[in-house]
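Participant: Need the 3D shape of this:
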Amino acid sequence: MERILIVFSIIMAVICLLGFFNEKVTHLPHEIALLLYSVVIGFILLPVFMLVRGTPAGDVLRETHYIDIEGFLLEGVLCLMLFAGSLHMKLSDFREQARQITVLAFVCTLLGAVFYGFLFYGAGRLLGLSMSLPVCLMFGSIIAPTDPIAATGILSKFGLPKKLSFLIQGESLFNDGVGVALFVVFSGLVTENSSGGFLVIMGKEILGAVLVGSVVTLLCFQIYRRTDSKEIGLFVSLLTVSASYVICERAGFSGAIASVVCGLLFSALRGRHEEEELPERKEHFEAVWETLDVLMNSILYVMLGLTFVHILQMDRVIILSLIGIIINLVARTGSLTISSFLMGELPDGYDRVSFVKLLTWGGLRGGLSVALAMSTKEILPEKVYFILLGCTYAIVFFTTVIQGLTVRRVYDGIRKKLGNASGSGREDHPDGQDR
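Facilitator: Residues are numbered from 1 along each chain as shown. This is a model prediction of the structure:
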C-alpha cells in the first residue's frame with residue numbers, strides 16, 4: 001500500500017510540475033504536454049534506474065516504469081472517463097447523427113481492424129517476422145478504435161464545427177465496445193478458443209450493455225431527482241456508472257458502451273428535470289465531474305509517458321514503429337473512405353476527401369490501445385508481444401503528439417479550401433454564429 005502511495009505521489013508531482021511548466025513556458029495542450037514531457041522523463045530515469053537497481057529507490061523507479069495501465073484503465077477508471085465524456089453530449093444531437101456515428105463506430109472500426117491486420121501481416125512477411133494472420137488481425141482490433149479520452153480531451157478544444165466535433169466524440173466513445181468485441185473474436189482465433197462469431201459477440205455486448213446501462217440509470221436517477229444534497233447527487237452518479245460497468249463486465253456485456261449509455265441518459269434526464277434542480281447543485285455536479293475528468297486524463301497520460309520506454313524492448317524499433325504508423329494512416333484512410341459512402345450527408349458541408357482527411361489525421365489513439373496490447377502478454381510469444389506493445393506505443397505517441405499538435409492546422413487548411421470553393425467567407429463555429 002505504501003509503495004502504491006509513493007508511485008501515486010510521483011505521478012502527481014510530475015503532473016503538477018509539468019503542468020506548471022507548460023502553463024508558463026510552452027503553452028501546449030495540457031494532455032499532449034503531459035505525454036510528451038513524461039516520455040522525456042521516462043528516458044532520463046532509465047539510466048538512473050540502471051545505476052540504483054536493487055536498492056529501494058531502484059524498486060520505486062522500476063514500478064514507475066512498469067505501471068499497470070491495463071489494470072488502471074480496464075479494471076478502474078475507464079467507466080468514469082467515458083461517463084464524464086458522454087455527460088456533455090445531448091441525446092437529441094445523438095439522434096440527429098445516429099446513422100453517421102453508427103457507421104463510424106461499427107463499420108469503420110471493423111474495416112480499420114481488418115485492413116490494418118492484413119497490411120501488417122504483409123509487412124511482417126516481407127521482414128521475416130513470425131506473426132500469424134490472426135495475431136495481426138488482433139493487433140488491428142487494438143489499433144482501430146479511436147480513443148475517447150484523446151478525442152474529448154484534445155480535439156474538443158480546437159473549436160471544430162459543432163456537428164463534426166460531436167461526430168468525432170461520438171465515434172470515439174462508442175467504438176470502444178466494437179474494438180473490444182473484435183479483440184475477443186481475434187484473440188480467440190489466436191488461442192484457438194473462439195467464444196462465438198463477431199455478430200453474436202457484438203449483439204450480446206451491445207444489447208446487454210444498453211439494457212443494463214438504461215435500467216441502472218433510470219433506477220438510480222430516482223434517488224438523484226429526489227435529493228437536495230449536492231454530495232448525494234454526485235455519489236448517485238458515481239454509483240450509476242460503476243454499478244453498470246461491474247454488472248456488464250460480470251455478465252459478458254460491454255462495460256464501455258454501458259458507461260456511455262449511462263452518461264447520455266443521465267444527461268438527458270437531468271435536462272428534462274432541469275427546473276427541479278437547484279442551481280448550486282447543478283454547478284457543483286458539473287464542476288466536480290470536470291475536475292475528475294481532467295485528473296484521470298492527466299494521470300493516464302503521465303502513466304503512458306513514463307512507461308513509453310517499453311518500446312525499447314521491441315526488435316528493429318525504428319523500422320517497425322514507422323511501419324506501424326504508416327499502416328495505421330493507410331488503414332484509417334481506407335476504412336473512412338468506404339464508410340463515408342454509407343453515412344449519407346456528411347456534416348457541416350464537407351466533401352468526402354476533406355472529411356476523410358480530417359478524420360484520418362484526427363483519429364487519435366490512447367490508453368485503451370496500450371491496455372489491450374498489454375493484455376496479450378499471456379497469449380503471445382515474448383518477441384511478438386513486444387512488437388505489438390512497441391508498435392502500439394509508437395502509434396499512440398505519434399497520433400497524440402504529432403497529429404494532435406497539427407490537426408488544427410489541417411482543419412484550418414480544409415476550412416480555407418471549403419471557403420474558397422463556396423466563394424464565401426462564412427465559417428461554421430461551435431456557437432452557431434457567423435464570423
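
Participant: Please name the residues that touch the residue nearest in space to the middle of the chain.
Facilitator: With distances taken as C-alpha atoms, centre = their mean, D147 lies nearest the centre of the chain, 2.0 Å away. Applying C-beta atoms under 8 Å, 6 or more residues apart in numbering, we find D147 in contact with S172, L364, R365, G366, G367, L368, S369. Yep, even glycine has a C-beta here, placed from its N, CA and C like the rest.

Participant: per-residue pLDDT, M50?
Facilitator: With respect to pLDDT, M50 scores 67.

Participant: can you tell me the average pLDDT over stretch 388-406?
Facilitator: Across stretch 388-406, the average pLDDT comes to 93.

Participant: What residues of it count as buried?
Facilitator: For stretch 388-406, burial by neighbour count (16 or more other C-beta atoms under 10 Å) applies to 388-401, 403-404.

Participant: Could you chop this structure up by domain?
Facilitator: Following automatic domain parsing, the chain resolves into domains at 2-65, 69-422.

Participant: so where's the stretch 301-435 of the chain uncertain?
Facilitator: Within the stretch 301-435 of the chain, the stretches with pLDDT under 70 are 420-435.

Participant: One more: the stretch 51-200 of the chain?
Facilitator: Along the stretch 51-200 of the chain, the parts satisfying pLDDT under 70 run over 51-66, 149-153, 155-159, 193-198.

Participant: can we see that at 50?
Facilitator: Within the stretch 51-200 of the chain, the stretches with pLDDT under 50 are 57-58.

Participant: Helices of that one, residue ranges please.
Facilitator: Taking DSSP state H, counting those that start in this stretch, the helices of the stretch 51-200 of the chain run over residues 56-65, 69-72, 78-87, 91-96, 98-102, 109-127, 133-143, 148-153, 162-191, 198-226.

Participant: Pipe these into TSV and attach mean neighbour count per row.
Facilitator: Below are the helices of the stretch 51-200 of the chain laid out as TSV (neighbours: other C-beta atoms under 10 Å):
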stretch	mean neighbour count
helix 56-65	16
helix 69-72	17
helix 78-87	25
helix 91-96	14
helix 98-102	17
helix 109-127	21
helix 133-143	26
helix 148-153	27
helix 162-191	23
helix 198-226	18
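
Participant: could these go into JSON lines alongside distance to P29?
Facilitator: Below are the helices of the stretch 51-200 of the chain laid out as JSON lines (distance: least, C-beta to C-beta, whole Å):
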{"stretch": "helix 56-65", "distance to P29": "24"}
{"stretch": "helix 69-72", "distance to P29": "21"}
{"stretch": "helix 78-87", "distance to P29": "16"}
{"stretch": "helix 91-96", "distance to P29": "24"}
{"stretch": "helix 98-102", "distance to P29": "24"}
{"stretch": "helix 109-127", "distance to P29": "25"}
{"stretch": "helix 133-143", "distance to P29": "22"}
{"stretch": "helix 148-153", "distance to P29": "8"}
{"stretch": "helix 162-191", "distance to P29": "15"}
{"stretch": "helix 198-226", "distance to P29": "30"}
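
Participant: I'd like to know which of those lies nearest to M303.
Facilitator: Smallest distance to M303 across the helices of the stretch 51-200 of the chain (C-beta to C-beta): 5.5 Å, for helix 69-72.

Participant: Put the alpha carbons of that closest one into CSV.
Facilitator: Provided in CSV are the C-alpha atoms of helix 69-72 (Å, rounded to 0.1, in the frame of the first residue of the first chain):
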residue,chain,number,x,y,z
ILE,A,69,-2.0,0.7,-17.2
GLU,A,70,-4.2,-2.3,-18.1
GLY,A,71,-5.5,-2.6,-14.5
PHE,A,72,-5.8,1.1,-14.0
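
Participant: Pull the distance from that helix to the chain's centre.
Facilitator: 14 Å (C-alpha atoms, centre = their mean, to the nearest Å).

Participant: Verify the contact between I15 and N297 for me.
Facilitator: No. The pair I15 / N297 is not scored as a contact, 10.1 Å apart, by C-beta atoms under 8 Å.

Participant: Give the residues shared as contacts by the two.
Facilitator: Common neighbours of I15 and N297 (criterion: C-beta under 8 Å, 6+ apart): none identified.

Participant: These two: which is more packed in?
Facilitator: The residue with more neighbours, out of I15 and N297, is N297; 24 against 19, by other C-beta atoms under 10 Å.

Participant: picking up where we left off before, burial of the closest residue in space to the residue nearest to the centre of the chain that isn't next to it in sequence, as a residue count?
Facilitator: Nearest residue to D147, sequence neighbours excluded (C-beta to C-beta, 6 or more residues apart in numbering): G366, at 3.2 Å. By other C-beta under 10 Å, the residues close to G366 number 28.

Participant: cool, and V309?
Facilitator: Around V309 there are 17 other residues, counting by other C-beta under 10 Å.

Participant: Surely it and I44 touch.
Facilitator: No. The pair V309 and I44 fails to qualify as a contact (C-beta under 8 Å) at a distance of 10.1 Å.

Participant: elements contacting the helix or strand hosting E231?
Facilitator: For E231, the host element (DSSP states H and E) is helix 230-251. Counting contacts by 3 or more C-beta pairs under 8 Å, 6 or more residues apart in numbering; DSSP states H and E, helix 230-251 packs against helix 78-87, helix 198-226, helix 255-272, helix 279-306.

Participant: Could I get those helices in a markdown table, plus columns for distance to F118?
Facilitator: Shown next, in a markdown table, are these (distance: least, C-beta to C-beta, whole Å):
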| stretch | distance to F118 |
| --- | --- |
| helix 78-87 | 29 |
| helix 198-226 | 16 |
| helix 255-272 | 26 |
| helix 279-306 | 28 |
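
Participant: Go through these and name the closest to T109.
Facilitator: Among the helices and strands packed on helix 230-251, helix 198-226 comes nearest to T109, with 10.6 Å by C-beta to C-beta.

Participant: For burial, what's the neighbour tally of the nearest residue to V77 once chain neighbours are set aside?
Facilitator: Leaving aside its chain neighbours, V77 sits nearest to M296 (4.9 Å; criterion: C-beta to C-beta, 6+ apart). M296 has 21 neighbouring residues, counting by other C-beta under 10 Å.
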